[in-house]
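[1] Below are the sequence and a predicted model; questions follow.
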Amino acid sequence: MPADRSKARPTTRSNPGPAAAARNRAALLAAAHGIFAESGTAAPLSAIARRAGVGQGSLYRHFPDRLALVAAVVEENVDELETASGRDAASLPDLLGLVTRHAVESVGVVDLLVEDRPGRMLALRDRVEAALAAHLDAALASGRVPAGTTTADVMLGVEMVSGALTRRPSSERPALAARAWSLLGIAVTLPR
C-alpha cells in the first residue's frame, strides 16, 4: 500500500531571492580577501566559492572572470581609502599606511591596481591617486614627506613598496613595508 503523502512535509525549499544574492556576493568578497591574502590572486576560484559557502555557479554569476573578482576586491579597498581620505584627521602617511596594509594582505591586488590597464582597474588606480593627492600639500607643508615630492612620486612609491613585498612571507611584509617607506623618506604605520 502506498504511503499517504497528504501528511508529508513539503520538500520544496523557499527561494530567498535577492537577499541571498547580496549575501552571496558579500560572502564571496570576504572569502576572496582572505584567500588572496593567503595565496595571492592566482588562487583557485573554487577555493573562494568553497570558503564563501556557495557554488561556483554563484561565483560566476557575480564575477564572470578572475579580473572581475579582483577588481571588486580592489574596489572595496579603494572605497575604504576614500572614506579614510575624507576624514579631517587623515594624513598622507596614514593613507599610505592603509594602501600598504592592503598590499601586505595581498600583493597581487596592488600589482593589478598599479598596472596600466584600461577600463575598471585604471579607473580604480586614478581614484587611489586622487585620494592620496588630496593630502600631498599638507604632507609637504608639515615635512612628513620629502620636499619636492609629487603625486607621481607617491604612486611610484606605492608600486615600489608593493613590489618589494612580492615573494615574501606574509609575516615579514609589515616590517619590510615600513622599512621601504622609511628609505623613501616617509614614516608610514600600517593600521590594524
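    Cool, the structure landed.

[2] use CA for all of it now, contacts and neighbours both
    OK.

[3] Poorly predicted segments of the chain, please.
    1-18, 107-118 (pLDDT under 70).

[4] the domain parsing of it - what is it?
    19-64, 66-192 (automatic domain parsing).

[5] Please convert those domains to a markdown table, extending it with mean neighbour count.
    As requested, these are exported to a markdown table (neighbours: other C-alpha atoms under 10 Å):
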| stretch | mean neighbour count |
| --- | --- |
| domain 19-64 | 17 |
| domain 66-192 | 17 |
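
[6] Okay, the nearest residue to A177 once chain neighbours are set aside and R173: tell me how far apart.
    Excluding the flanking residues, the one nearest A177 by C-alpha to C-alpha, 6 or more residues apart in numbering is V161, at 6.0 Å. From V161 across to R173, the span is 10 Å (C-alpha to C-alpha, to the nearest Å).

[7] ok, now I186?
    Separation of I186 from R173 (C-alpha to C-alpha): 17 Å.

[8] Check which helices and strands whichever strand or helix holds A31 is in contact with.
    Following DSSP states H and E, one finds A31 within helix 18-39. Here helix 18-39 touches helix 45-52, helix 56-62, helix 66-85, helix 92-105, helix 107-114, going by 3 or more C-alpha pairs under 8 Å, 6 or more residues apart in numbering; DSSP states H and E.

[9] The third one to helix 92-105, inter-axis angle?
    Between the axes of helix 66-85 and helix 92-105, defined by axes from the mean of the first three to the mean of the last three C-alpha atoms, to 10 degrees, the angle is 150 degrees.

[10] Give me the helices and strands touching helix 66-85, please.
    Packing partners of helix 66-85 (3+ C-alpha pairs under 8 Å, 6+ apart): helix 18-39, helix 92-105, helix 107-114, helix 120-133.

[11] can you put those in TSV and add distance to T151?
    Formatted as TSV, these follow (distance: least, C-alpha to C-alpha, whole Å):
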stretch	distance to T151
helix 18-39	27
helix 92-105	11
helix 107-114	14
helix 120-133	6
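
[12] between those, which one is nearest to G57?
    helix 18-39 (11.2 Å; C-alpha to C-alpha).

[13] Just the C-alpha atoms of the helix holding A31, please, in PDB.
    Extracted C-alpha coordinates of helix 18-39, given in PDB (Å, rounded to 0.1, in the frame of the first residue of the first chain):
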ATOM      1  CA  PRO A  18      17.600  39.000  -4.000                       C
ATOM      2  CA  ALA A  19      18.600  38.800  -0.300                       C
ATOM      3  CA  ALA A  20      20.500  35.600  -1.000                       C
ATOM      4  CA  ALA A  21      22.300  37.200  -4.000                       C
ATOM      5  CA  ALA A  22      23.500  40.100  -1.900                       C
ATOM      6  CA  ARG A  23      24.600  37.800   0.900                       C
ATOM      7  CA  ASN A  24      26.400  35.500  -1.600                       C
ATOM      8  CA  ARG A  25      28.200  38.400  -3.200                       C
ATOM      9  CA  ALA A  26      29.300  39.700   0.300                       C
ATOM     10  CA  ALA A  27      30.500  36.200   1.300                       C
ATOM     11  CA  LEU A  28      32.400  35.800  -2.000                       C
ATOM     12  CA  LEU A  29      34.200  39.100  -1.500                       C
ATOM     13  CA  ALA A  30      35.100  38.300   2.100                       C
ATOM     14  CA  ALA A  31      36.300  34.900   1.000                       C
ATOM     15  CA  ALA A  32      38.300  36.500  -1.800                       C
ATOM     16  CA  HIS A  33      40.000  38.900   0.600                       C
ATOM     17  CA  GLY A  34      41.100  36.000   2.800                       C
ATOM     18  CA  ILE A  35      42.200  33.600   0.000                       C
ATOM     19  CA  PHE A  36      44.000  36.400  -1.900                       C
ATOM     20  CA  ALA A  37      45.800  37.300   1.400                       C
ATOM     21  CA  GLU A  38      46.900  33.700   1.900                       C
ATOM     22  CA  SER A  39      47.600  32.500  -1.700                       C
END
